[in-house]
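Asks: kindly return the folded structure for what I paste below:
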Amino acid sequence: MDIQDKNSKNKRKIILMLSLVAIVLTCIMGTYAYFVTTVNNDNKQLISLENGTMRLRFADNDNGINASLKVGEKVT
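Replies: So this is what the prediction gives:
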């Protein structure tokens, strides 16, 4: 029974050590990826955004469309 206890303790130690190594490697890879993506990103990007309000006047004075539309939506 003493041999089984030693084997069980050795298995626990091995699993614990492998878990700790996996956690440390994951942290190292995450911080490396973060610094690689942020340090070398000196490219400037120009963004142009235009918006406006569209008003429709129908010939028969009917308001017709009573809907709030988002980009890409259609109303007939």
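Asks: any idea how far I23 is from the most centrally placed residue in the chain?
Replies: For the chain, the residue nearest the mean C-alpha position is Y34 (13.4 Å; Cα atoms, centre = their mean). Y34 sits 17 Å away from I23 when distances are taken as Cβ to Cβ, to the nearest Å. In this view, the C-beta of every residue, glycine as well, is placed from N, C-alpha and C.
Asks: on that earlier part again, who's in contact with the residue nearest to the centre of the chain?
Replies: If a contact means Cβ atoms under 8 Å, 6 or more residues apart in numbering, then Y34 has no contacts.
Asks: show me where the chain has helices.
Replies: Ranges of helices within the chain are 2-39, based on DSSP state H.
Asks: pLDDT weak spots in it?
Replies: Scanning the chain with the threshold set as pLDDT under 70 gives 1-2, 39-42, 56-59, 61-67, 75-76.
Asks: switch to 80 and redo it
Replies: Residue ranges of the chain with pLDDT under 80: 1-4, 36-76.
Asks: list the buried residues of stretch 47-55.
Replies: Buried residues in stretch 47-55, counted by 16 or more other Cβ atoms under 10 Å: none are found.
Asks: tell me how many other residues crowd S68.
Replies: Neighbour count for S68, taken as other Cβ atoms under 10 Å: 7.
Asks: would you mind measuring from it to R55?
Replies: Taking Cβ to Cβ, one finds S68 at 14 Å from R55.
Asks: likewise for S8?
Replies: 78 Å.
Asks: also T31?
Replies: T31 is 53 Å from R55, where distance means Cβ to Cβ.
Asks: same question for K6.
Replies: Distance, K6 to R55, by Cβ to Cβ: 84 Å.
Asks: repeat that for M17.
Replies: From M17 to R55 the distance is 70 Å (Cβ to Cβ).
Asks: all set, thanks.
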